[in-house]
Each structure stands twice: as C-alpha cells, then as structure tokens.
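>>> Below is the sequence, then the predicted model.
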Amino acid sequence: VPAAVLGSALLRRPAALGAAAARCAPARDSHGPARQGHGSSKAASLHWTGERAVSVLLLGLLPAAYLCPGPVVDYSLAAALTVHGHWGLGQVITDYVHGDVPNKVANVGLYVLSALTFAGLCHFNYHDVGICKAVAMLWSL
C-alpha cells in the first residue's frame, strides 16, 4: 500500500465516528452564541486580548494611584474600572440569562449601568476629591 494512500486514509474520519460525534455534540457551545458583534474568531480573539490588556492596565494603575495621584490617573481608573466591570457583567449575562428578550433587556440594562457608572465616576473626579484621594482618605481611617 503506498504511503500517500495510507496517509490520506488515516486522516479521514470514518462515517460512523462522524455520525456519532454529530449526535453527541451539544446544541451550542458553553460560551453561547457570538454576541455584541463578536461574530468571527478574530473579533473574539481581539476582545479577549482587550480584556487582558485592561486587566494589566488596572494592575499598573493601582500603584500609580498611590504613588502619583492626580486627574489623569483618576479618569484612567474611571474608564478602566467601568470597561472591566462592563465586560465582567456581560459574561455573567451571557452565562445566566437565556432567551432573546431577557438577553436584550439585560444587555440594555448593562449599557445603562455602565454609562451611569462612568458618568458618576467622572462627576466624582471633577466635583469632589477624585478616586485616588478618596481611597487614600478611606485608608487613613
């Protein structure tokens, strides 16, 4: 038997295995359908990379808030915390809210909550002491 024929025969899935795999496959994967414009694997990969970048940014902002507090760090924290919380709660919605209407209502609520959170943090930064100073005041208690 030539090696090329044998190699291609070994790479093909037998019909019985293919049918059994189709019967055992779940109706959808554990992460649910693609949502919020993440239809391609490249977009999902970029979203995952963005989540990790924001997490690493937060790790850097925490010491920066202690060492050099100021408006730049305050507003950076407001943005990063809001995005981090938005993506985290979005995953909770993906995992636990099922059905089209409840999913859409939950996502609209999430966007409203995120917008209000960011607006509130910016208002706090502008009209009050700011996030860095507020945390320092809490630690001094």
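That came through fine.

>>> Please report how far Val105 lies from Ile93.
Separation of Val105 from Ile93 (C-beta to C-beta, to the nearest Å) stands at 10 Å. No exception for glycine: its C-beta is placed from N, CA and C like everyone else's.

>>> can you check Val129 too?
The spacing between Val129 and Ile93, counted by C-beta to C-beta, is 33 Å.

>>> Same check on Ala78?
Ala78 is 22 Å from Ile93, by C-beta to C-beta.

>>> who's more crowded, those two?
Just comparing Ala78 and Ile93: by other C-beta atoms under 10 Å the higher neighbour count belongs to Ala78, 21 against 18.

>>> In space, what's closest to the more buried one - neighbours in sequence excluded?
The shortest distance from Ala78 to any non-neighbouring residue, by C-beta to C-beta, 6 or more residues apart in numbering, is to Leu121 (3.7 Å).

>>> Would you enumerate the residues in contact with the one you found?
By C-beta atoms under 8 Å, 6 or more residues apart in numbering, Leu121 lies in contact with 77-78, 81-82, 131.

>>> which stretch of helix or strand covers it?
Using DSSP states H and E, Leu121 falls within helix 100-127.

>>> do the same with Met137
With secondary structure defined by DSSP H and E, Met137 is part of helix 131-139.

>>> in that helix, what counts as buried?
Applying a neighbour-count criterion of 16 or more other C-beta atoms under 10 Å, the buried positions in helix 131-139 are 131-132, 135.

>>> just stretch 85-95 next, same as before
Neighbour counts over stretch 85-95 (16+ other C-beta under 10 Å) mark 86-87, 89-90, 93-94 as buried.

>>> cool, and stretch 115-123?
Burial within stretch 115-123, assessed by neighbour count using 16+ other C-beta under 10 Å, is assigned to 118, 121.

>>> same question for that stretch, mean pLDDT?
Across stretch 115-123, pLDDT averages out at 97.

>>> OK, contacts around the residue nearest the centre of the chain?
Centre of the chain computed as the mean C-alpha position; nearest residue by C-alpha atoms, centre = their mean is Trp87, 3.6 Å away. When contacts are counted by C-beta under 8 Å, 6+ apart, Trp87 is found next to 51, 54.
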